[in-house]
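Engineer: mind folding the following:
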Amino acid sequence: MAEDIPVDVSGLNHWFGRGEARKQALFNVNLKVAQGSLTVLVGPSGSGKTTLLTLAGCLRDVQEGSIRLLGQELKGAQSDLQKTLRRRLGFIFQAHNLHGSLTALQNVLMGLQVHGRADPELQAKAARHTLTLLGLGDRIHYLPDNLSGGQKQRVAVARALVGNPDVVFADEPTAALDRESGATVVQMLKRLGQVRGTTTVMVTHDNRILELADRIVTLEDGRIVNDTAP
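Structural biologist: So this is what the prediction gives:
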């Protein structure tokens, strides 16, 4: 089945800028990510990791080559298809992007709104459960200004995971977290892969979590230069 390979990148090239300022960021990238796996993208700043992540996550348009996401081709995809696919994804960024006027619980509930109408009680229960798993059960009614940086990031992680996404795209998700909190987040992502088949593609410079990865893909200057795929 196509969705056994939820992220399938083939012959991907990407450029930024125009005219003389046009610069190629990705060169003939090929990558197949297995369902339920935790794949980590590493490499120096400017190597193309985040560009690849945002292209695979429907956050940029594919210019040349192919990306099949959950069995759907993204090259030339219409906005309606992209929107439908994004509802099946979870995004975790280095910046938590929480709404300052909403509590931790309310911020996480926003992660369920994209899925349409549902029982509010069940949604609240799911949000509380996810926050508790991330060690924030006693902070659910706190506003972001009353949370530490690490706690805010864990709220953002909960918001990304509460809807049980098929694929999680994470860009430096542990950068603001201490060792224990970072390990908790990555172990949770790995557990979701094992239990629910959730696929995670993560960009990181955090060497502490590499031992938890199923696969480490190294990029340099827009090219894959090493891949530990089994």
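Engineer: nearest residue to Phe93 other than its sequence neighbours?
Structural biologist: Across the structure, with CB to CB, 6 or more residues apart in numbering as the measure, the residue nearest Phe93 apart from its sequence neighbours is Asp171 (5.1 Å). For glycine as for every other residue, the C-beta is placed from the backbone atoms N, C-alpha and C.
Engineer: what does Arg208 give?
Structural biologist: The spatial neighbour of Arg208 that comes closest, neighbours along the chain excluded (CB to CB, 6+ apart), is Arg179 at 5.9 Å.
Engineer: just checking, the one you found touches Ile209?
Structural biologist: No: using CB atoms under 8 Å, Arg179 is not in contact with Ile209, being 9.3 Å away.
Engineer: the two: who's more crowded?
Structural biologist: Taking Arg179 and Ile209 together and counting by other CB atoms under 10 Å, Ile209 has the greater number of neighbours (22 against 11).
Engineer: ok now do Thr51, which residues does it touch?
Structural biologist: Taking CB atoms under 8 Å, 6 or more residues apart in numbering as the contact definition, Thr51 lies against 14, 25-26, 60, 222.
Engineer: same thing but at 6 Å, please
Structural biologist: 14, 25-26 (CB atoms under 6 Å, 6 or more residues apart in numbering).
Engineer: for it, which three-state class applies?
Structural biologist: For Thr51, the assignment made with DSSP: H, G, I helix; E, B strand; the rest coil gives helix.
Engineer: with adjacent residues omitted, what lies nearest to it?
Structural biologist: With sequence-adjacent residues excluded and distances taken as CB to CB, 6+ apart, Thr51 is closest to Ala25, at 5.0 Å.
Engineer: just Arg159 next, same as before
Structural biologist: Spatial nearest neighbour of Arg159, chain neighbours left out: Gly111 (3.9 Å); criterion: CB to CB, 6+ apart.
Engineer: against Ala21, how distant is that neighbour?
Structural biologist: 37 Å (CB to CB, to the nearest Å).
Engineer: who's more crowded, those two?
Structural biologist: When Gly111 and Ala21 are compared for neighbours, Gly111 comes out ahead with 22 against 7, by other CB under 10 Å.
Engineer: which of the helices or strands spans that one?
Structural biologist: Gly111 is located in helix 104-113, with elements delineated by DSSP states H and E.
Engineer: which strands or helices does that helix pack on?
Structural biologist: Secondary structure elements in contact with helix 104-113, counted by 3 or more CB pairs under 6 Å, 6 or more residues apart in numbering; DSSP states H and E, are helix 120-133, helix 149-161.
Engineer: closest to Lys75 out of the ones you listed?
Structural biologist: For the helices and strands packed on helix 104-113, the distance to Lys75 is smallest for helix 149-161, at 25.5 Å, taking CB to CB.
Engineer: quick one: the residue nearest to Asn97 when sequence neighbours are not counted from Ile5, how far?
Structural biologist: What sits nearest to Asn97 in space, not counting adjacent residues and going by CB to CB, 6+ apart, is Ala156, at 6.7 Å. In this structure, Ala156 and Ile5 are 28 Å apart, going by CB to CB.
Engineer: all strands of the chain, in order?
Structural biologist: With strands called from DSSP state E, the chain shows them at 7-16, 23-33, 38-42, 64-69, 72-73, 89-92, 167-171, 199-203, 215-220, 223-227.
Engineer: relative to strand 38-42, how tilted is the helix ranked longest in the chain?
Structural biologist: In the chain, with assignment by DSSP state H, the single longest helix is helix 179-196. Helix 179-196 runs at 130 degrees relative to strand 38-42, counting by axes from the mean of the first three to the mean of the last three CA atoms, to 10 degrees.
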